[in-house]
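**Student:** starting from these lines, generate the structure:
(one chain, ligands or ions: 1)
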Amino acid sequence: MTTPQVGIIMGSQSDWPTMKLAADILDELGITYEAKIVSAHRTPDRLWSYGKTAAERGLQVIIAGAGGAAHLPGMMASKTRVPVVGVPVQTKALSGVDSLYSIVQMPKGFPVATMAIGAAGAANAGLMAAGILALQDPALAEKLDAWRDALSASIPDEPSDD
Ligand code: RP5
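**Tutor:** Numbers count the residues shown, from 1 in each chain. Presented below is the predicted three-dimensional model:
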């Protein structure tokens, strides 16, 4: 089995409805990925081995989403040089602000490219991964440009009452 280009990881099954929005973008652009539940708190050994083998397996970007005390993206960044894009999952208790703060303030040396909270952040994580991969892949660059052009073209000139 060949290694996918992108690893999507998340702390819990409950994160999947959000993280699926990143997967949907990758599907649209024809980017291969795997989706795994890897929890910093509940499955730390799984996190360790995923991070330790990510580069040698050939993963090119990791999208990591978690909610609450969301240590997963930062811990993953500490274990691999593969770029990590972090998605703060929206929580019920604090609306995802806790997730954002847990992910965004990484110390110098171990960066996480942190997206917006929730659905927009997950979709943007897919687009960020696509942009990184497109640097070395002209066919993907063309698809991504077309995707962006289509989005721009879908925005009306004027507001409507409907
Ligand atoms: C985090 O705790 C997960 O990323 C999830 O967002 C949150 C709640 O998890 P569950 O209790 O729904 O499994 O680790």
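
**Student:** measure Ile25 to the ligand for me?
**Tutor:** 20 Å (CB to the nearest ligand atom, to the nearest Å). Quick note: C-beta positions are derived from backbone N, CA and C, even for glycine.

**Student:** the residue lying closest to that residue once chain neighbours are set aside: how many residues sit nearby?
**Tutor:** Of all residues beyond its chain neighbours, the one nearest Ile25 is Gly126 (2.9 Å), with distances taken as CB to CB, 6 or more residues apart in numbering. Gly126 sits with 28 neighbouring residues when counted by other CB atoms under 10 Å.

**Student:** do Glu28 as well
**Tutor:** Other residues lying near Glu28 total 14 when counted by other CB under 10 Å.

**Student:** with Pro138 instead?
**Tutor:** Other residues lying near Pro138 total 9 when counted by other CB under 10 Å.

**Student:** tell me the SS of the most centrally placed residue in the chain?
**Tutor:** Ranked by distance to the mean C-alpha position of the chain (CA atoms, centre = their mean), the top residue is Ile63 at 2.8 Å. Three-state call for Ile63 (DSSP: H, G, I helix; E, B strand; the rest coil): strand.

**Student:** show me what from this protein comes close to the ligand.
**Tutor:** Remark: the part of the chain in contact with the ligand comprises 11-12, 14-15, 39, 41, 66-68, 89, using CB under 6 Å from any ligand atom.

**Student:** nearest to Ala139 among the residues you listed?
**Tutor:** Sorting the residues of the chain next to the ligand by distance to Ala139 puts Asp15 at the head of the list, at 30.7 Å, by CB to CB.

**Student:** how far away is the residue nearest to the centre of the chain from Ala35?
**Tutor:** The span separating Ile63 from Ala35 equals 9 Å under the rule CB to CB, to the nearest Å.

**Student:** and what of Ile9?
**Tutor:** When CB to CB is applied, the distance between Ile9 and Ala35 equals 8 Å.
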